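> Sequence below, structure please.
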Amino acid sequence: MKVDPVRSRTMRAVKSKNTSPELVVRKLIHAMGYRFRLHRKDLPGSPDLVFPGRKLALFVNGCFWHGHDCLRGARIPKSNTEYWTKKIERNRVRDKETLIALQKLGWRVHVIWECEIKDRERLEVNIKCLMEL
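Reported below is the predicted structural model:
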């Protein structure tokens, strides 16, 4: 398979940790006065944010990469379609397995989607509700 060098460089630059949506959520939660741990490797799926006292694991997922049902997440790439379809499906399966594993360990799990970050007021209300449970 021939790989375009520009495409290859672009894809190498895609981060899995400390992404822009993740930094926005972290900054908001920190400003709300909550403290958390990052990417705990001893938990299944290494959640993006962990609140040990509340037994809450939070993931900040990109809509495309994790196959969200919003417009961006439902978009199918025009090139290499079969590869991307399988990859996103594998990610969705892995996400479900991670969620079940965390719940079996007694953790509450919540996913904040990239598209939810646009409405900061609503996001703040949702986070506050999560913290009060």
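> Please count neighbours and contacts with C-alpha atoms only from this point.
Will do.
> Distance of the most centrally placed residue in the chain relative to Leu28?
Per C-alpha atoms, centre = their mean, the C-alpha nearest to the average position across the chain is that of Asn61, at 2.0 Å. Distance check for Asn61 against Leu28: by C-alpha to C-alpha, to the nearest Å, it reads 16 Å.
> now swap in Ile76 and tell me
Relative to Leu28, and taking C-alpha to C-alpha, Ile76 is found at 31 Å.
> Leu58 looks like it's in a helix, true?
No. With DSSP: H, G, I helix; E, B strand; the rest coil as the criterion, Leu58 is strand rather than part of a helix.
> From what I see, it and Pro44 are in contact.
No. Between Leu58 and Pro44 there is no contact under C-alpha atoms under 8 Å: 12.0 Å.
> Which one's more surrounded, these two?
The residue with more neighbours, out of Leu58 and Pro44, is Leu58; 19 against 15, by other C-alpha atoms under 10 Å.
> contacting residues around the more buried one?
47-50, 109-112 (C-alpha atoms under 8 Å, 6 or more residues apart in numbering).
> so of those residues, which ones are in helices?
Using DSSP state H, no member of the contacts of Leu58 falls in helices.
> Just the buried residues of those.
In terms of neighbour count (16 or more other C-alpha atoms under 10 Å), the buried residues within the contacts of Leu58 are 47-50, 109, 112.
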